[in-house]
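Student: Whatever this is, show me its structure:
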Amino acid sequence: MMPLPGVAVIRDAVHWQTLWQRFETFSWRDDGTLIHTAAPPIDFRHYQLVAAALGNLSGCLNQFWWIQSIRTTADSIVVEVQGPEDGQITCAMEIQPVDVVRIPQTTKRIVFRSTTPRLAVPDSAPWWNAPNWAVWDSLDPDRREVFLTAWARDPTTRPADLVEVARRGGGDWTIARILLERPEVLRSSAALVGLVRAPNEDGQTARHLLLANYGVDLAEDAATTPTVLRVLIDGLGEDTVFGAAARALLANATVRGAQDLLREVIIRTDKYPAVFREACRLYLARWPAWERVPDAKGNLTTSWANSTPCPDLPPFPH
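Tutor: Modelled structure (predicted):
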């Protein structure tokens, strides 16, 4: 699947492997893991590849021969590119084909030309672009997502860039599932923080790994942000094995000093009675158990509500 238009000459196995690993069609096993397929072998001592992708069109299969012919002249190789003729594609399904042709190795100049009226040959393909976050910020949303997915799949993407992929695209289940298969991501608390937004079991898996492997360390680190502390607190209610992390979070000065975070500890620690009771004691020593209910405009009403599920609350105010 190639949603990024472009033309390219591929002269070595590194570029061919990278292209394949970034854009091979997705396939998943029943257990949700990604199926990887091998790139067709090319002997680059004797051959090179020319490739063209012109963007989206409709079709029943993800296949179209963009490259119509290849002509050899005295000083160059001319790759003639064609677009679909009227009525040639009849299905409503959107496809994103890339056409790759093997040719003999040559030192001649290779040029791409269009044989279809009004069809402009696209620029050099951006398929191998390395992560550049300033450039990424300037792209349209569709291209941003394409590059995030490609970089998530590329085994050469640096760990620091994988953290950025997780931070920017971790809410997408496809990107999250790809990243959760990568050892570099599992070893990075920052990357896992970016993946907790993923839906369903992928986000839950990221939260579980974050708490199990890094919860205590993050809770004991005075530099951990309130946002990350809330992520850790939210995960406490998902299992009964996070007792050490729960105790460390309650001991964190930021948590103890923030009404909203301490309230969350109370809500999430019913599985840890000692932590729950201590959190209630700390909370009720500083903040009221009952609070006035605001209306839609944020103005306080005469109604009262209890937002902390602590036992033996002080009586309802009159």
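
Student: Just after the least confident helix or strand in the chain by mean pLDDT, pick out the following helix or strand.
Tutor: When each helix and strand of the chain is scored by mean pLDDT, DSSP states H and E, strand 57-58 comes last, with a mean of 76. Using DSSP states H and E, the next helix or strand after strand 57-58 towards the C-terminus is strand 67-72.

Student: For that next one, what is the distance to the chain centroid?
Tutor: Taking Cα atoms, centre = their mean, to the nearest Å, one finds the center of strand 67-72 at 38 Å from the center of the full chain.

Student: what's the answer for stretch 160-171, then?
Tutor: The chain centre lies 6 Å from the centre of stretch 160-171; the measure is Cα atoms, centre = their mean.

Student: now the biggest helix by length in the chain: how far from the chain's centre is it?
Tutor: When the chain is parsed with DSSP state H, its longest helix is helix 200-220. Taking Cα atoms, centre = their mean, the mean C-alpha location of helix 200-220 is offset from the chain mean by 17 Å.

Student: Residues in contact with that helix: which ones?
Tutor: The set of residues external to helix 200-220 that reach it, using Cβ atoms under 8 Å, 6 or more residues apart in numbering, is 32, 170, 173, 176-177, 180, 186, 189, 192-193, 195-198, 224, 228-229, 231-232, 234-236, 238-239, 241-242, 244-245, 248-249, 251-252, 255. For glycine as for every other residue, the C-beta is placed from the backbone atoms N, C-alpha and C.

Student: how big is the angle separating the helix or strand following that helix from helix 200-220?
Tutor: Per DSSP H and E, helix 200-220 leads on to helix 226-235 as the next helix or strand towards the C-terminus. Per axes from the mean of the first three to the mean of the last three Cα atoms, to 10 degrees, the angle that helix 226-235 makes with helix 200-220 is 120 degrees.

Student: Kindly state the pLDDT recorded for residue 107?
Tutor: For residue 107, the pLDDT comes out at 93.

Student: and it, how far is that from residue 316?
Tutor: To residue 316, residue 107 is 88 Å away according to Cβ to Cβ, to the nearest Å.

Student: Quick one: buried ones out of the contacts of helix 200-220?
Tutor: Neighbour counting by 16 or more other Cβ atoms under 10 Å classes 170, 176-177, 180, 189, 192-193, 195-198, 224, 228-229, 231-232, 235-236, 242, 245, 248-249, 252, 255 among the contacts of helix 200-220 as buried.

Student: if you go through the stretch 51-200 of the chain in chain order, where are the strands?
Tutor: Applying DSSP state E, counting those that start in this stretch to the stretch 51-200 of the chain gives strands spanning 57-58, 67-72, 76-81, 94-95, 99-104, 109-114.

Student: which secondary structure elements does the fourth one contact?
Tutor: Applying 3 or more Cβ pairs under 8 Å, 6 or more residues apart in numbering; DSSP states H and E, one finds that strand 94-95 contacts strand 57-58.

Student: Which phi and psi values does residue 296 adopt?
Tutor: Per-residue torsions, residue 296: phi -60, psi -30 (degrees, to the nearest 10).

Student: Neighbour count for residue 107 and residue 316, which is higher?
Tutor: Counted by other Cβ atoms under 10 Å, residue 107 and residue 316 do not tie: residue 316 has more neighbours, with 9 against 4.

Student: Contacts only, for residue 248.
Tutor: So residue 248 contacts 215, 216, 219, 220 (Cβ under 8 Å, 6+ apart).

Student: run the last query once more with 10 Å
Tutor: 215, 216, 217, 218, 219, 220, 221, 232, 242, 255, 275 (Cβ atoms under 10 Å, 6 or more residues apart in numbering).

Student: And residue 292, by the same measure?
Tutor: For residue 292, the contact set (Cβ under 10 Å, 6+ apart) comprises 299, 300, 301, 302, 303, 304, 305, 317.

Student: Next, find the distance separating the first one from residue 290.
Tutor: Distance, residue 299 to residue 290, using Cβ to Cβ: 18 Å.

Student: between the two, who's got more neighbours?
Tutor: Taking other Cβ under 10 Å, residue 299 and residue 290 do not tie; residue 290 has more neighbours (15 against 8).
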